[in-house]
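Asker: what follows is a protein structure lacking sequence information:
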Ligand code: BES
Ligand code: MN
Ligand code: ZN
């Protein structure tokens, strides 16, 4: 299961400290002073906690670090984790580290006197994720996390929006981790339809609808697939009459490259090629569940890029909804074809105040920035600075790269309005230039190439290896900081 931990907040009750099993976590400030509950536990274990916080290791420890007391005398519990916490960031960090304990056993957190407990539990929740739905036998037991704190009701209320965001992140990870035989376009659309239960309006465009709209760029990508192309529109109207912010996502459920077939080695990773759409879905879930006071529309183009007798060929010319024609030099540069029509539809229908698109668009983004930063492109610094600040606050790596007419010249076609590839130099930028042709003048726009950050083959602070959910927190933060009344 992907939701491993069950969290509850309660009043203090030290009566069963001696006999309860599982693990304890004691939250301690930089000064190392223990609250009354921690002191009660400390009495039972013969002063081991006081010894730990009085020692060198605690002094050396950075905020966010954990000291570990194994098999303490005097209590049934096998473990006491002492979390050193000072500011918001360290609380999140400490919580993420405590996840390792919550994954192993039930955990009781003594949070007395610590205002950052919601942040700490948020870190714990984000990190407590395990994608095991395709194992016949789960490798992970479910565990309870109890948090003892003064005024548990109000702490629970403070935690509620963070829980909504964590659920959005986990939703994104679930979608992105899911193999393509399970997460077909049909299944993807169904899971997005289920977001109606969270309060979103969800609408689905089928192939015939998209044909009527003239979406030849998007539709061409799906010609070789047995699973039908779809566009899903998720609408959250939590604000007033203002124009919505739009999020647009690339949802290629599997990218073989099409007739321009990718090499076999590593092709299985292309199950995450719907990661942009996954982030859009996760943000929309978070907004709905926390009742965001903003208008946001999320649009995802869902297609599968397969080779087939009916598949699009290199050299084909397709006509986009905008009316511009595109020479498809390489069928593996399919994401931009999907986004071209999704972007245009978004602007025609919703007249948004700004657009952020997300896509696992180019391998070149990985060459440029590795797995540390997503590539950010924008036509408006005023808009992109807000996102970059939000990324910084949430510590989701993002780095801006340039756009420019010289790069645009690389996608000139001999026979059509443009071609879909611009050669090897600056591959991420020429992809962004392609998208820019489908963004209207004066429309604030950000393109996020998340090819390097959507899924990793190593554990990180807040996620196990696999899908990260990169961007859900930053975009949610941008919306709460700049689009909602404070
Ligand atoms: N989905 C890929 C990009 C990608 C690569 C995402 C690695 C995640 C990890 C995209 O559709 C693609 O194939 N791009 C090509 C573009 C090229 C043909 C111009 C690429 O990057 O090689
Ligand atoms: Mn491709
Ligand atoms: Zn792709």
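Answerer: Looks like it arrived, so ask away. As the structure is a computational prediction, the values presented were derived from the model and not from experiment. Ligands and ions are numbered 1, 2, ... in the order given.
Asker: show me the strands in the stretch 201-350 of the chain, by range?
Answerer: In the stretch 201-350 of the chain, the strands defined using DSSP state E, counting those that start in this stretch lie at 201-205, 230-237, 245-255, 295-305, 316-319, 325-328.
Asker: would you list those strands in JSON lines and tack on mean pLDDT?
Answerer: Below are these laid out as JSON lines (pLDDT from 0 to 100):
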{"stretch": "strand 201-205", "mean pLDDT": "99"}
{"stretch": "strand 230-237", "mean pLDDT": "99"}
{"stretch": "strand 245-255", "mean pLDDT": "99"}
{"stretch": "strand 295-305", "mean pLDDT": "99"}
{"stretch": "strand 316-319", "mean pLDDT": "99"}
{"stretch": "strand 325-328", "mean pLDDT": "99"}
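Asker: quick one, which of these gets closest to ligand 1.
Answerer: strand 245-255 (4.6 Å; C-beta to the nearest ligand atom). The C-beta positions use only the backbone N, C-alpha and C, and glycine is treated the same way.
Asker: and the residue in the stretch 1-150 of the chain positioned nearest to ligand 2, helix, strand or coil?
Answerer: Residue of the stretch 1-150 of the chain nearest ligand 2, by C-beta to the ion: residue 131 (23.6 Å). When classified by DSSP: H, G, I helix; E, B strand; the rest coil, residue 131 comes out as coil.
Asker: quick one on the thing from earlier: how about the strands of the stretch 201-350 of the chain in CSV, adding mean neighbour count and distance to ligand 3?
Answerer: Below are the strands of the stretch 201-350 of the chain laid out as CSV (neighbours: other C-beta atoms under 10 Å; distance: least, C-beta to the ion, whole Å):
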stretch, mean neighbour count, distance to ligand 3
strand 201-205, 16, 20
strand 230-237, 23, 17
strand 245-255, 29, 4
strand 295-305, 28, 7
strand 316-319, 18, 16
strand 325-328, 22, 14
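Asker: chain neighbours aside, what residue packs nearest to residue 124?
Answerer: Using C-beta to C-beta, 6 or more residues apart in numbering and skipping the chain neighbours, the partner closest in space to residue 124 is residue 95 (4.0 Å).
Asker: so that neighbour sits right up against residue 118, yeah?
Answerer: No: using C-beta atoms under 8 Å as the test, residue 95 is too far from residue 118 to be in contact (9.5 Å).
Asker: who has more neighbours out of the two?
Answerer: Neighbours were counted for residue 95 and for residue 118 using other C-beta atoms under 10 Å; residue 95 has more, 31 against 26.
Asker: show the contacting residues for that one.
Answerer: Counting by C-beta atoms under 8 Å, 6 or more residues apart in numbering, residue 95 touches 83, 119-127.
Asker: could you tell me the end-to-end distance of stretch 132-141?
Answerer: Terminal residues of stretch 132-141 lie 11 Å apart, using C-alpha to C-alpha, to the nearest Å.
Asker: before we move on, what about stretch 452-463?
Answerer: Terminal-residue distance, stretch 452-463 (C-alpha to C-alpha): 15 Å.
Asker: begin at 671 from now on, thanks
Answerer: In the new numbering, first residue 671, that becomes stretch 1122-1133.
Asker: what average pLDDT does that stretch get?
Answerer: Mean per-residue pLDDT for stretch 1122-1133: 98.
Asker: pairing partners for the residue of the stretch 821-970 of the chain found nearest ligand 2 in the sheet, please.
Answerer: Using C-beta to the ion, the single residue of the stretch 821-970 of the chain nearest to ligand 2 is residue 925, 4.3 Å away. The partner list for residue 925 in beta bridges (DSSP bridges) reads residue 975.
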